[in-house]
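> Dropping the sequence and predicted coords here.
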Amino acid sequence: MRNGHRPLLAATTIAALTTGVAYLFGPSTLPPKGKPKAAAEKTKSAAPAGKSRRGAAEACTTSTNPAKRQLRGVWLATVHNVDWPSRTGLSPARQQAEYVRILDEAARRNFNAVFVQVRPASDAFYRSPYEPWSQWLTGTAGKDPGWEPLPFLIAEAHKRGMEFHAWFNPYRAAETADTGKLPASHPARAHAAWTVRYAGKLYYNPGLPEVRDYTTKIVDDVVRRYDVDGVHFDDYFYPYPVAGAKFGDAAAFTKYGKGSSLAKWRRANVDKLVEQVGAAVHAAKPHVKFGISPFGIWRNKAEDPTGSDTKGLSAYDAIYSDARAWIKAGSVDYVMPQLYWPRGFAAADYAKLVPWWAEQVKGTNVHLYIGQALYRVGTRDDAAWTKAGELPAHLTLNRKHPEVKGDVYFSAAQLARNPLKVLDRIAADHYAHPALPPLMKDRGGAAPATPAGLRVTAARLLWNASPGARAYAVYRVAGATPGDCATADARNLLAVVPGTGGAEQSFAATGGGTYLVTALDRLGNESSPATAALP
């Protein structure tokens with residue numbers, strides 16, 4: 001995944017350049033990878049939760065900056081220890097401490113979601129009955145790390161009010177084509193017929209129904225056994241093209257192609273997996289979200305008049321990834337295109353790609369989040385990335401398109417580095433307030449009961465836990481009468497307080513005014529507010 005923009009070069013060039021980096025994260029786009037403050041946009045909204053207190057029917061005038069509902073996420077790559085753990089062989093305590101530091105940094109900047117790579121290459125960061133322990137934990141594939149990371153990773157995210165999305169690579173089998181170097185129990189050894197050697201790597205063959213069933217079983221196992229909030233696929237489907245290399249799926253095509261063209265058959269294979277996994281996820285736990293972060297260019301206008309005004313690699317044609325088909329079929333809950341290019345970039349202009357993707361999801365229940373290239377800030381890949389204002393300007397542009405419901409940044413290691421202090425600018429101009437997750441109607445849920453027993457004791461708000469509440473939103477307004485629109489947007493939002501599991505919840509009330517507390521279920525459905533005033 002996520003190393004930017006080499007696919008924007010000519011197809012023959014990209015094939016040669018992306019082999020190594022693209023296998024790890026996705027395509028890499030060039031060589032390896034003013035501070036305007038926008039006025040708050042105003043919009044009319046329906047009356048907020050709690051409107052019925054007065055029975056009024058008036059709408060509220062709300063602000064989209066700050067946004068009340070917005071996904072603010074970060075990718076945490078484990079392959080090659082890109083983000084976590086920092087190296088193999090660390091003690092469990094050291095691994096845990098490193099992860100906590102990453103989450104604390106994200107929470108400090110009002111992020112609310114983390115996308116953690118739990119299956120980099122047919123291996124596991126959890127105790128799997130099917131696949132070996134990841135080598136990126138101990139340095140040796142299959143070696144027990146002495147603890148099970150996934151429950152800890154999830155619990156720490158939830159403690160900070162963050163959604164936890166488990167990130168899987170569906171077809172990557174191993175970084176070596178030599179199966180003799182894999183653990184004896186590795187599925188690629190047990191099912192050699194499932195695999196294809198390509199450019200020195202090993203992949204599962206997307207054209208085999210057995211592979212689709214196996215991949216679905218891996219995901220289903222995690223969803224059923226762990227308290228994840230989402231399942232996430234990267235942009236890896238068929239491998240990115242490598243000059244002189246041919247993907248050896250001819251036998252499967254002969255058996256299953258049924259008169260289709262090779263390209264159409266390959267796209268259909270991917271579509272089938274996406275539909276199958278999405279159905280399995282929702283059957284196991286309807287509240288769990290399923291989404292994919294495709295390469296940022298579906299097709300170029302030169303290839304398809306309905307494509308984007310770009311001149312880069314076409315995911316549709318090169319890796320057989322048809323994100324628009326998934327949107328139309330509703331087989332994903334969200335798409336998160338990796339738009340790792342600046343505004344004005346000739347081959348792939350961010351300012352042209354955002355409206356194109358917004359148009360694709362318009363009128364559907366599929367959410368659109370944007371994958372942002374935090375890792376490129378401060379590099380000399382393009383002059384735009386040497387300017388601290390480029391990435392914040394992306395978020396400003398996004399506000400012109402209501403279909404864009406958030407952003408996710410690659411990658412977690414950059415949170416502490418804060419290149420060009422860009423995160424300080426984003427925090428000040430866009431993330432100054434917390435945000436609730438965008439609501440997904442298809443995933444259901446229901447607002448918990450309004451918090452009962454709200455009271456003030458020694459400058460602390462106290463209230464009784466609401467059954468079914470994952471967290472609580474705390475608002476503050478001046479004066480004793482908050483009005484019906486006090487919780488309609490984020491201007492009064494002070495904090496999202498994760499539930500502790502106890503009978504009583506609390507929050508430090510450090511200023512005067514009237515406080516309002518609402519209860520949130522795990523999907524962000526919000527109750528009417530309870531109120532309490534401080535002098």
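It's in. Numbering: from 1, shown residues only.
> now for the helix or strand hosting I327, which elements pack on it?
Assessed by DSSP states H and E, I327 sits inside helix 323-329. On a contact count with 3 or more Cβ pairs under 8 Å, 6 or more residues apart in numbering; DSSP states H and E, helix 323-329 meets helix 262-284, strand 334-335, helix 350-361. C-beta here means a position set from N, CA and C on the backbone, and glycine is covered the same way.
> Which residue lies nearest the spatial centre of the chain?
Nearest to the geometric centre of the chain sits F115, at 5.2 Å (Cα atoms, centre = their mean).
> And what about it, helix, strand or coil?
Three-state call for F115 (DSSP: H, G, I helix; E, B strand; the rest coil): strand.
> Next, the distance between the ends of stretch 521-535.
Using Cα to Cα, to the nearest Å, the end-to-end distance of stretch 521-535 comes to 31 Å.
> Report the rounded mean pLDDT for it.
Throughout stretch 521-535, pLDDT has a mean value of 94.
> closest one to A503 among the helices and strands packed on helix 323-329?
Closest to A503 of these is helix 262-284 (Cβ to Cβ; 30.2 Å).
> show me where the stretch 301-450 of the chain has helices.
All helices of the stretch 301-450 of the chain, identified by DSSP state H, counting those that start in this stretch, fall at 315-318, 323-329, 350-361, 390-398, 413-417, 422-429.
> Can you find the helix or strand in the chain with the smallest mean pLDDT?
The weakest-scoring helix or strand in the chain, judged by mean pLDDT, DSSP states H and E, is helix 11-17 (a mean of 34).
> quick revisit: the residue nearest to the centre of the chain and R160, how far apart?
Noted for F115: a distance of 15 Å to R160, by Cβ to Cβ, to the nearest Å.
> Not including adjacent chain positions, what is the nearest residue to W357?
Spatial nearest neighbour of W357, excluding adjacent residues (Cβ to Cβ, 6 or more residues apart in numbering): P337 at 5.4 Å.
> Tell me, how many residues neighbour the one you found?
25 (other Cβ atoms under 10 Å).
> The one 10 residues further on too?
Other residues near A347 number 17, with proximity taken as other Cβ under 10 Å.
> Could you pull up phi and psi at it?
Main-chain torsions, A347, degrees, to the nearest 10: phi -80, psi -30.
> tilt between the helix or strand hosting R212 and helix 262-284?
In this structure, R212 sits in helix 209-225 according to DSSP H and E. Interaxial angle, helix 209-225 versus helix 262-284 (axes from the mean of the first three to the mean of the last three Cα atoms, to 10 degrees): 30 degrees.
> Sheet partners, orientation included, of the following helix or strand past helix 209-225?
Downstream of helix 209-225, the first helix or strand assigned by DSSP H and E is strand 230-233. Counting by DSSP bridges, the strands paired with strand 230-233 are strand 163-168 (parallel), strand 289-292 (parallel).
> Would you mark the buried spots in the longest one?
Right, the one you point to is strand 163-168. E163, F164, H165, A166, W167, F168 (16 or more other Cβ atoms under 10 Å).
> Can you tell me how far the fifth one is from W136?
Spelled out, that is W167. 13 Å.
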